[in-house]
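**Q** Output the structure for:
(one chain, ligands or ions: 1)
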Amino acid sequence: MDSLPDDPFALFNEWFEQAKKSEINDPNAMALATCTKDGKPSVRMILLKDFGEKGFKFHTNAESQKGHELDENAHAALCFHWKTLRKQVRIEGRVIMAPIEEADEYYKDRPYMRKIGAHASAQSRPLESREHLEQKLEELQKQYPEGSDIPRPSYWVGYYVVPEKIEFWWDNPDRLHDRIAYSKAPNGEWTQKRLYP
Ligand SMILES: Cc1cc2nc3c(=O)[nH]c(=O)nc-3n(C[C@H](O)[C@H](O)[C@H](O)COP(=O)(O)O)c2cc1C
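**A** Numbering: from 1, shown residues only. This next block holds a predicted model:
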């Protein structure tokens, strides 16, 4: 890869399109790292739902561990690893909540059981038994039969990681891998530099 686009989103899009063709599942899976205000990190996989200048978007429960950490510390990092491509993308930036209209739009298009599941799951909090969850699901299915209007739980929201840095890593047979890091200048322009592997 000799000349890289000036726009990191163009390169991300190119790699993501390749990953969609080659990964056996979830090419949009990414690790999300968040941190408490006193610097204790945590990480988990989530799914990318959209990306562009506005940021890299995911949807989750705002009352989960990650949601609480983002309330305390609105900085996060994302990492994609596409094994079939031997490529990695790392993203760092500030996190903002998506407008509620976007959360509504996303929730509206979820399959029935996922909507019910969002109501049933107090994500990240202790659950006394699997049966307890199943009972909650059953009750919710009675309350909201299939085809009825199911409101979005207020805590089921979208977040954007607004990137300040995007680093692209790709494998080389000699193990001297390539790393190109894009940084966003205060004027909004992206610059790129090569890093030692
Ligand atoms: C491939 C994969 C994709 C996932 N996607 C999401 C997602 O988009 N949103 C979400 O809330 N959890 C998702 N999860 C579950 C999270 O990894 C995690 O268990 C959950 O969000 C609770 O995380 P927390 O306790 O750190 O907040 C996914 C898990 C896997 C393995």
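**Q** My read is that residue 8 contacts residue 183, right?
**A** No. At 9.4 Å, residue 8 does not count as touching residue 183 under the criterion of C-beta atoms under 8 Å. For the C-beta atoms, the positions are set from N, CA and C on the backbone; glycine is no exception.
**Q** List the residues that are in contact with both of these two.
**A** 190, 192 (C-beta atoms under 8 Å, 6 or more residues apart in numbering).
**Q** which one of those two has more residues nearby?
**A** Neighbours per residue (other C-beta atoms under 10 Å) separate residue 8 from residue 183, with residue 8 holding more: 23 against 16.
**Q** need the residues of this protein near the ligand, please.
**A** Within the chain, the residues that sit near the ligand (C-beta under 6 Å from any ligand atom) are 26, 29, 42, 44-47, 58-61, 64-66, 123-124.
**Q** dump the residue contacts of residue 67.
**A** 60-61, 155, 157.
**Q** Among those, which lie within strands?
**A** Judged by DSSP state E, the subset of these located in strands is 60-61, 157.
**Q** Show me the one in those residues that has more neighbours than the rest.
**A** Going by other C-beta under 10 Å, residue 157 tops the ones in strands among the contacts of residue 67 with 23 neighbours.
**Q** Was I right to think that residue contacts residue 57?
**A** No. Contact between residue 157 and residue 57 fails when scored by C-beta under 8 Å: they sit 10.6 Å apart.
**Q** what is in contact with the two at once?
**A** Taking C-beta under 8 Å, 6+ apart as the contact rule, residue 157 and residue 57 both touch residue 98.
**Q** residues near residue 4, how many?
**A** 16.
**Q** That one contacts residue 11, correct?
**A** Yes. The criterion here is C-beta under 8 Å, and residue 4 meets it with residue 11 at 6.0 Å.
**Q** Could you name every residue contacting both of the two?
**A** Joint contacts of residue 4 and residue 11 (C-beta under 8 Å, 6+ apart) are residue 168.
**Q** just to revisit the earlier point, would CSV of the ones in strands among the contacts of residue 67 with pLDDT be doable?
**A** CSV is the format used below for those (pLDDT from 0 to 100):
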residue, pLDDT
60, 97
61, 97
157, 97
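**Q** Please identify which of those residues is nearest to the ligand.
**A** residue 60 (3.3 Å; C-beta to the nearest ligand atom).
**Q** got the residue ranges for the helices in this structure?
**A** Using DSSP state H, the helices of the chain run over residues 8-22, 65-72, 100-108, 112-120, 130-143.
**Q** Let's have the ones you listed in TSV, adding mean pLDDT.
**A** Below are the helices of the chain laid out as TSV (pLDDT from 0 to 100):
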stretch	mean pLDDT
helix 8-22	98
helix 65-72	98
helix 100-108	96
helix 112-120	96
helix 130-143	96
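**Q** what's the closest of the ones you listed to residue 175?
**A** Within the helices of the chain, the stretch nearest residue 175 is helix 8-22; the backing value is 20.3 Å (C-beta to C-beta).
**Q** Sweet, I'm off.
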